[in-house]
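Enquirer: Coordinates for the following, if possible.
(one chain, ligands or ions: 1)
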Amino acid sequence: MVEPDNKPKNRISYVYGPVTSWRSGTSLGIDPIGAISTCSFNCSYCQLGQIQNITRKRKIYVETELIIEDLERAYQGDHVEKVDFTKLDVITFAGSGEPTLALNLGEMIKSIKNWLKAKNLKAVPVSILTNATTLEDEEVRRDLKEADLISLKLDASDELSLKSINQAATGLSLEGIIKGIKLLKSEIDLSHPADSLRLSTKPELQLQIMFLPKFAENPEHIKRLAELITEIEIYKIQINTPTRAKPKSGKEYWVETRGNHYNSSSSHQEKYLELPVISKEQAFKIEDDLISLIGELQIINVYKR
Ligand code: SF4
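Expert: Numbers count the residues shown, from 1 in each chain. Model prediction:
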């Protein structure tokens, strides 16, 4: 049942952008979480600011029909900027928190693909940015397998850095996260549903690692990450650093931070805090160190060589 305040004129749009992503080009954002920022992490660098609802609970945060309604509005330019779907490189689930907390994630992915088909629009790959905290749940893994690209966060190299960087919800451990990633990887390697609307036979898996200066300078951290990557056996790695400023909003959530159009010339400068980032040289050194510790890797570096 849709709540009255979810009527289009009174609610946020669950489709946003397109934004230009350094990882994947022109990306239309899908927000399966909504007006209250909700995540099982509360990362020190989160572009959404302080997470309002830190939880591991899966539930329907946004009805699937509202996502489709907002796609239709973006397509028509109905009270929102018209989106040219022919120019999209990817449709990305991220938004106001952790997408896998949405109980209807699989249904949303399928509905979006069916909607593109019904409109005779080109098939755009669907990507999910996840913090990988929910992957021990079989139903989450089933939902994720509907996507074309799954990008898994792995910032921490041990339980201590999980606490310090990601400020994980009670009950989460790096051990459990690694176990969940390995389960997803092994299931994807073994089989994939024949009736899926995916563009390729199986989803592509990537690891996204956020490097903060303090950790990037610690060779033990890099070494332990290399060991985890080898254990997980996912060899496409994104090296990232917090280039997006953090809102100084306290516990208030500004939905504009989903797509984060802030830059240093923005008139909103006083509302955001620039975070310490790793340098280009550090990013390339991490890349070289990981390759020498692991062997062949496909690396997408936030700084291009
Ligand atoms: S996992 Fe993503 S959404 Fe959640 S707190 Fe970290 S950066 Fe923010």
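
Enquirer: Could you use CA atoms for every contact and neighbour count after this?
Expert: Noted.

Enquirer: per-residue pLDDT, the residue in the stretch 51-200 of the chain positioned nearest to the ligand?
Expert: When scored by C-alpha to the nearest ligand atom, the stretch 51-200 of the chain has Gly97 as its residue closest to the ligand, at 4.0 Å. Looking at Gly97, its pLDDT is 98.

Enquirer: what number of residues lie near it?
Expert: For Gly97, the neighbour count with other C-alpha atoms under 10 Å is 31.

Enquirer: Check which helix or strand the residue nearest to Lys280 when sequence neighbours are not counted maps to.
Expert: For Lys280, ignoring the flanking residues on the chain, the nearest one in space by C-alpha to C-alpha, 6 or more residues apart in numbering is Tyr303 at 6.0 Å. Per DSSP states H and E: Tyr303 is located in neither a helix nor a strand.

Enquirer: Would you check how far apart Tyr303 and Ser24 are?
Expert: Using C-alpha to C-alpha, to the nearest Å, we find Tyr303 at a distance of 14 Å from Ser24.

Enquirer: How many residues are close by the residue nearest to Lys280?
Expert: 15.

Enquirer: Is it correct that the residue of the stretch 51-200 of the chain closest to the ligand is in contact with Asn42?
Expert: No. With contacts counted by C-alpha atoms under 8 Å, Gly97 stays clear of Asn42, the gap being 9.5 Å.

Enquirer: where do the contact lists of these two overlap?
Expert: Common neighbours of Gly97 and Asn42, using C-alpha atoms under 8 Å, 6 or more residues apart in numbering, are Ile51.

Enquirer: Return the set of buried residues in the longest helix along the chain.
Expert: Secondary structure of the chain per DSSP state H: the longest helix is helix 174-190. Neighbour counts over helix 174-190 (16 or more other C-alpha atoms under 10 Å) mark 174, 176-185, 188 as buried.

Enquirer: Dump the residues you listed into JSON lines; add pLDDT and distance to the ligand as well.
Expert: Below are the buried residues of helix 174-190 laid out as JSON lines (pLDDT from 0 to 100; distance: C-alpha to the nearest ligand atom, whole Å):
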{"residue": "Leu174", "pLDDT": "98", "distance to the ligand": "14"}
{"residue": "Gly176", "pLDDT": "98", "distance to the ligand": "16"}
{"residue": "Ile177", "pLDDT": "98", "distance to the ligand": "13"}
{"residue": "Ile178", "pLDDT": "98", "distance to the ligand": "15"}
{"residue": "Lys179", "pLDDT": "98", "distance to the ligand": "18"}
{"residue": "Gly180", "pLDDT": "98", "distance to the ligand": "16"}
{"residue": "Ile181", "pLDDT": "98", "distance to the ligand": "15"}
{"residue": "Lys182", "pLDDT": "98", "distance to the ligand": "19"}
{"residue": "Leu183", "pLDDT": "98", "distance to the ligand": "20"}
{"residue": "Leu184", "pLDDT": "98", "distance to the ligand": "18"}
{"residue": "Lys185", "pLDDT": "97", "distance to the ligand": "20"}
{"residue": "Ile188", "pLDDT": "94", "distance to the ligand": "23"}
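
Enquirer: Much appreciated, bye for now.
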